[in-house]
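*Asks:* Predicted model and sequence below, questions to follow.
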Amino acid sequence: MTKSPPSSSGAAFDFPRARAALLKWFDANGRVFPWREDPTPYRVWISEIMLQQTTTQTVVGYFERFIRRFPDAAALARASEEETLKYWEGLGYYRRAKMLRAAAIEIAAKHNGAFPSDYASALALPGIGRYAAGAILSFGFDKRFPILEANTTRLHARLLGLRAETTLAESQRVLWQFAEDWLPRESARREPNVYRKLNGALTDLGRLVCSPDEPNCGACPLANWCEAERLGLQAVTPVLKKKADPIRRTDAALWISRADLPGAALVAETPGAAKRTDARQTDVLLVRRPQGALWAGLWDFPRFPVAEPFANAHELSRDAALADYLQYFLETEAGAPGRDYRAGAVLTTVRHAVTKYRVALRVARLAGAAPAANRAPSLFDALESEPAPPVLARSAAQGPEVARPREVPRQGDKLRWVPLESLESLPLSSPGRRVARFIAGAVGK
Ligand code: SF4
């Protein structure tokens with residue numbers, strides 16, 4: 001017999017009746033998704049990874065496109081990282097796509113191309129944690145594994161009347177145990193698909209009825225067994241860890257055309273791009289984000305931090321630290337000597353959120369070659385006299401060593417001239433994509 005969980009009332013939780021009520025509700029109200037209609041382990045795996053940090057509404061389109069291109073683990077294992085990222089572009093948290101591909105390679109090599117059906121092997125795959133392993137095994141194989149994500153955490157915390165913060169170790173133990181108790185033991189199983197249905201029903205009920213701010217207890221099939229409903233605790237449980245306030249910052253993204261930067265010795269050509277001289281003048285400089293950076297592996301426009309507060313967006317060209325970063329980048333990473341480049345006037349601002357930051361991304365063209373004498377003294381000038389470690393091997397033609405401005409963000413592990421018409425085919429960071437579309441609009445492409 002299933003062990004009853006602790007509750008603030010001390011009453012036993014009536015799982016048999018609660019399960020029956022939940023499944024009846026699910027039959028009438030469960031959500032329909034492509035990965036539920038045909039729940040193969042591969043499809044469930046792809047959907048579960050996509051659904052981490054992303055809403056179901058957003059995921060559906062991405063999922064169908066991804067599955068069309070990569071119908072099984074073998075197809076995904078054969079794909080390049082760049083192509084995988086291209087199919088992930090816009091979903092965010094790009095490490096998930098890299099882990100997915102790494103796991104596909106492992107599945108092809110060690111599991112004959114089939115997602116493993118045992119917990120230990122699933123958990124050993126890149127990007128698979130306790131939640132994902134349980135979700136794939138229950139939804140994909142109908143095995144008895146519990147799941148606990150945001151919706152079920154909230155639902156279970158309310159059903160139990162849990163008043164402790166849900167991320168505490170003891171809370172997690174109680175919640176995982178409760179999630180498991182919902183699933184009848186194999187010996188008591190009366191019908192097929194019961195595990196995938198129960199986990200799906202709990203998730204959907206948490207999402208559709210037991211919502212964060214206004215749980216619809218009047219329509220809830222579990223209201224009879226709910227401690228939060230009995231004690232009126234809906235507004236105080238679950239107790240969530242307080243999120244830190246977002247930090248506002250300003251960055252600059254530079255639109256640099258080949259015509260703006262002749263002789264950039266370290267910038268590569270786009271393979272196979274047309275070689276017409278007139279078209280090449282409009283090629284734009286993109287960097288591939290380095291490992292360990294945000295959007296690692298994706299392409300982006302060179303971007304730099306800007307001093308705050310920024311009273312007037314049109315004063316970007318007067319930001320001395322930005323001029324230093326830009327100068328340093330052009331000289332050391334792009335191989336374009338010269339000390340008079342700066343950011344031009346702001347053309348547009350792309351606002352976006354990333355991790356804890358709310359970013360105003362000022363987009364400007366590269367303005368060139370103002371006489372050095374006209375520039376205000378800058379950090380770069382001050383640092384020139386300080387000894388600094390060399391960061392790139394320099395040829396004699398490149399001139400003397402350049403001091404590295406403090407905290408200069410490294411731009412990329414590759415730099416490339418990209419024809420405007422090729423921007424759509426490269427995987428770009430989401431703000432980079434918005435900048436690319438702005439540029440395409442500005443030049444009428
Ligand atoms: S009764 Fe209300 S608080 Fe309790 S599980 Fe249902 S919706 Fe959530």
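*Replies:* Cool, got the structure.

*Asks:* Enumerate the residues of the chain near the ligand.
*Replies:* 155, 158-159, 209-210, 215-217, 220, 222-223, 226, 228-229, 234 (Cβ under 6 Å from any ligand atom). No exception for glycine: its C-beta is placed from N, CA and C like everyone else's.

*Asks:* Which single residue in the stretch 251-400 of the chain comes nearest to the ligand?
*Replies:* Ala353 (29.0 Å; Cβ to the nearest ligand atom).

*Asks:* Check which helix or strand that residue maps to.
*Replies:* strand 342-354 (DSSP states H and E).

*Asks:* so what strands line up beside that strand?
*Replies:* Applying DSSP bridges, strand 342-354 is found paired with strand 357-367 (antiparallel).

*Asks:* quick one, strands of the stretch 201-350 of the chain?
*Replies:* In the stretch 201-350 of the chain, the strands defined using DSSP state E, counting those that start in this stretch lie at 247-255, 268-269, 284-288, 299-300, 303-306, 342-354.

*Asks:* Which neighbouring elements make contact with the fourth one?
*Replies:* Okay, so that is strand 299-300. In this structure, strand 299-300 packs against strand 284-288, helix 430-443, with contacts taken as 3 or more Cβ pairs under 8 Å, 6 or more residues apart in numbering; DSSP states H and E.

*Asks:* and the ones you listed as CSV, adding mean neighbour count and mean pLDDT?
*Replies:* Below are these laid out as CSV (neighbours: other Cβ atoms under 10 Å; pLDDT from 0 to 100):
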stretch, mean neighbour count, mean pLDDT
strand 284-288, 24, 94
helix 430-443, 18, 93
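
*Asks:* rewinding a little: just the buried members of the residues of the chain next to the ligand?
*Replies:* Neighbour-count burial (16 or more other Cβ atoms under 10 Å) applied to those gives 155, 158-159, 209-210, 215, 217, 220, 222-223, 226, 228-229, 234.

*Asks:* quick one, what contacts the residue nearest to Arg288 when sequence neighbours are not counted?
*Replies:* Distances taken as Cβ to Cβ, 6 or more residues apart in numbering place Lys414 nearest to Arg288, at 4.2 Å, with adjacent residues excluded. Taking Cβ atoms under 8 Å, 6 or more residues apart in numbering, we find Lys414 in contact with 268, 287-288.

*Asks:* swap the cut-off to 10 Å and go again
*Replies:* 266-268, 286-290, 299, 333 (Cβ atoms under 10 Å, 6 or more residues apart in numbering).

*Asks:* Ranking by neighbours, what's the top pick from those residues?
*Replies:* Leu286 (27 neighbours; other Cβ atoms under 10 Å).

*Asks:* Quick check, that residue in contact with Trp299.
*Replies:* Yes: the pair Leu286 / Trp299 is scored as a contact, 4.7 Å apart, by Cβ atoms under 10 Å.

*Asks:* hey, what's in contact with both of the two?
*Replies:* Between them, Leu286 and Trp299 share the contacting residues 412, 414, 416, 418, 423, 426, 428, 432, 436, judged by Cβ under 10 Å, 6+ apart.

*Asks:* Please tabulate the helices and strands packed on strand 299-300 in JSON lines and include distance to Gly30 as additional columns.
*Replies:* What follows is the helices and strands packed on strand 299-300, written out as JSON lines (distance: least, Cβ to Cβ, whole Å):
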{"stretch": "strand 284-288", "distance to Gly30": "42"}
{"stretch": "helix 430-443", "distance to Gly30": "31"}
